[in-house]
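J.: Quick one: sequence and predicted model below, then my questions.
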Amino acid sequence: MKKNSYILTGICGLLSILASCSYPKNFTTDFYARNEPRLEAIKDDFSRLYAQHSFSILFEEKTFTNISFEFNEDSVKYIYHFNINEPAFSDSLKAHRYNAAAVKKLVDDMRTIQCTWIANVDYYEGFQARKLVQMSVRNKALNNKLKGESYCILVFFERPQPFNNKGIFLDRSDRKRRRQINGNLLKRVNDKVGYAINKQYR
Amino acid sequence: MMTVSLKTTIRNIVLITLLVLSVVPGSATIIPAGDSALKSTPEQALQYLNSIRNLRQSKWWPNVAPDQLLNNLKTFTIKPLAFYEGKTTNFCAYSALTYIPLTYDPLGFARFMIELYKNGQANFGKNQLKPTKPVRMEAGLLRYKGSLDLNPAGQMWFLTLADHYKGYLNFFNRRFQKGDENTFWASTNFAKFNRMLRRLFNGTVKARGADLFRPKINDLPEYLEAHMQKGLVFLYLNNKKLYRKSHKQSLISTPTHYVLLTNIRRLQDGNIEFEYWDYGARTVQQLSPQFLKNIIYGVSVWTQRVSK
């Protein structure tokens, strides 16, 4: 009897450790549903500004004060590091002919929702080049004492994507293959939005 | 007792690794890499590629179409800096050193690729490269690697080099299996990188640094700037710090990425403007000298040997 109770306690302990290692199963769906207007607005603002002059933004630290801003010129990428509260950031944006006010608003919106990284990513359907917006989000629910921090990577396609019965996005040009973006297999949030949970935000 | 012996074993492994990895600098005459060092021109390479008519589908490379191969080779010749190692692959070392043939001898590179395509093997530098069947079957099929998807010629070149040259990082994974372009099968340690430079290209290599320890160079920016005047400077650096991918501060710092240094200069505020070539583009970052010193583990200077 005593032996059985030890085994039971052991199993319960093991289960609780395993449970603490995983993030909430519906995290992304719930997170997206709660924040859909904000996420879509960030995506749309980024796409609009990117079309004018390409760039990407990365928050380097958990404090969300220092960013790494990638200015994409014709043949060279300039990656500069800024404190967003210092004038050097606005000055550089203006010097590189970006809409400084709009970019700063985008940075503030990203900060509010703890969006760590936003970029335009190229991918291929068959041999056709396409673009999508990828953003990574931090959230307390994805922190784990044992496994460390994970990030929710959201991918916004321009058009609906095929998916299998497990909700995993498939390659439109070869539906036997599972679609990968930057090495991530994507699960479906909706027809045009996929997600992955990863230890790295890009 | 067990812990002590384990510690000793680890210490021995580290020491042996250091001995194996320590790089003996080359001693040949250094000749600046200028236009006079060019062995052939892009025009000659294009002329050669345009002269090829009716290139048949190779039985050795069944997934590489001949017209696509020719198109890729022409693109390499016209835009050498667009040469791209692909997303999530471990091809950065092979991509970095490809700058040499594309710049100094584009005709030689084009001829080699055509011979490799036709015969399944070809000579390059001091080596005969004869890729194994799994590698030949895979070239042209790599997907989800960005523009490398459209570049079967690049896939052939990368897979051939990764198949031929082996270092200690490839010890446990020597035979190619699907997906191995992302694994240790394709990895390149510093000694292997320098070995490839020496065997593939007619030049001398002066290398400083190792896989686990940074080179002891007093004024690194000045050293790099001075050596850029003498030849091509390749850097082996910590990619996780150069391109942040997580907020976590890693306890173990190791180099994982190769780039070609294209420019470096000290700014008035004391920072360093660091320009390098990787992922098919030139990138400029402004970094502090301390940060630069922290991320660089290996410096290889390649200078072309000009025959008298």
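T.: Yep, that arrived. Numbers count the residues shown, from 1 in each chain, chains lettered A, B, ... in the order given.
J.: give the contact list for the spatially most central residue of chain B.
T.: Computing the C-alpha centroid of chain B and ranking residues by CA atoms, centre = their mean puts B:Ala93 first, at 2.5 Å. Contact analysis of B:Ala93 by CB atoms under 8 Å, 6 or more residues apart in numbering or on different chains lists B:Thr188, B:Lys192, B:Phe193, B:Met196, B:Tyr258. C-beta here means a position set from N, CA and C on the backbone, and glycine is covered the same way.
J.: in which helix or strand would I find it?
T.: For B:Ala93, the enclosing helix or strand under DSSP states H and E is helix B:92-97.
J.: distance between that helix and the chain's centre?
T.: 2 Å (CA atoms, centre = their mean, to the nearest Å).
J.: do stretch B:287-298 as well
T.: Counting by CA atoms, centre = their mean, stretch B:287-298 comes out at 20 Å from the chain centroid.
J.: what pLDDT, on average, does that stretch get?
T.: Computed over stretch B:287-298, the mean pLDDT rounds to 94.
J.: Now do it: everything it contacts.
T.: B:190, B:193, B:207-215, B:220-221, B:234-238, B:241-242, B:253-255, B:270-272, B:274.
J.: how about 7 Å then?
T.: For stretch B:287-298, the external contacting residues (CB atoms under 7 Å, 6 or more residues apart in numbering or on different chains) are B:190, B:207, B:209-211, B:214, B:220-221, B:235-238, B:241-242, B:255, B:271-272, B:274.
J.: Residue numbers of chain A in contact with chain B?
T.: Applying CB under 7 Å from any CB of the partner chain, we find that chain A lies next to chain B at A:58, A:60-62, A:68, A:75-80, A:122, A:124, A:127, A:148-149, A:180, A:182-183, A:199-202.
J.: Narrow those to those that are buried.
T.: Buried subset of the residues of chain A next to chain B (neighbour count, 16 or more other CB atoms under 10 Å in any protein chain shown): A:58, A:60, A:68, A:77-80, A:124, A:149, A:180, A:182, A:200-202.
J.: Which single one of the contacts of B:Ala93 is nearest to chain A?
T.: Ranked by distance to chain A (CB to the nearest CB), those are led by B:Tyr258 at 17.5 Å.
J.: Quick one: residues contacting the closest one.
T.: Residues in contact with B:Tyr258 (CB under 7 Å, 6+ apart) are B:Cys92, B:Ala93, B:Ala96, B:Phe193, B:Phe234, B:Tyr236.
J.: Give the closest residue to the residue nearest to the centre of chain B in space, chain neighbours not counted.
T.: B:Thr188 (3.6 Å; CB to CB, 6 or more residues apart in numbering or on different chains).
J.: The one you found is in contact with B:Gly167, isn't it?
T.: Yes: between B:Thr188 and B:Gly167 there is a contact under CB atoms under 7 Å: 6.4 Å.
J.: Of those two, give the one with the bigger neighbour count.
T.: Per other CB atoms under 10 Å in any protein chain shown, whichever of B:Thr188 and B:Gly167 has more neighbours is B:Thr188, with 27 against 20.
J.: Name the helix or strand for that one, please.
T.: Here B:Thr188, judged by DSSP H and E, is contained in no helix and no strand.
J.: mind checking pLDDT for it?
T.: Reported pLDDT for B:Thr188: 96.
J.: and what of A:Lys2?
T.: A:Lys2 is given a pLDDT of 65.
J.: again with B:Gly26
T.: 31.
J.: sorry, back to before: output the helix holding B:Ala93 as PDB - backbone C-alpha positions only.
T.: What follows is helix B:92-97, C-alpha atoms only, in PDB (Å, rounded to 0.1, in the frame of the first residue of the first chain):
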ATOM      1  CA  CYS B  92      28.200  29.700 -44.900                       C
ATOM      2  CA  ALA B  93      31.900  28.600 -45.100                       C
ATOM      3  CA  TYR B  94      31.500  27.300 -48.600                       C
ATOM      4  CA  SER B  95      29.600  30.400 -49.700                       C
ATOM      5  CA  ALA B  96      32.300  32.800 -48.200                       C
ATOM      6  CA  LEU B  97      35.200  31.100 -50.000                       C
END
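J.: Pipe the contacts of B:Tyr258 into CSV and attach pLDDT and distance to B:Arg174 per row.
T.: As requested, the contacts of B:Tyr258 are exported to CSV (pLDDT from 0 to 100; distance: CB to CB, whole Å):
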residue, pLDDT, distance to B:Arg174
B:Cys92, 96, 20
B:Ala93, 97, 17
B:Ala96, 96, 22
B:Phe193, 97, 18
B:Phe234, 98, 25
B:Tyr236, 97, 22
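J.: For stretch B:227-235, give me every contacting residue.
T.: By CB under 7 Å, 6+ apart, stretch B:227-235 touches B:30, B:32-33, B:96, B:99-100, B:224, B:258-261, B:264, B:276, B:296, B:298-303.
J.: Out of these, list just those in helices.
T.: Using DSSP state H, the members of the contacts of stretch B:227-235 that fall in helices are B:Ala96, B:Tyr99, B:Ile100, B:Leu224.
J.: looking at those, which has the most residues close by?
T.: Ranked by the number of neighbours (other CB under 10 Å), the ones in helices among the contacts of stretch B:227-235 place B:Ala96 first, at 27 neighbours.
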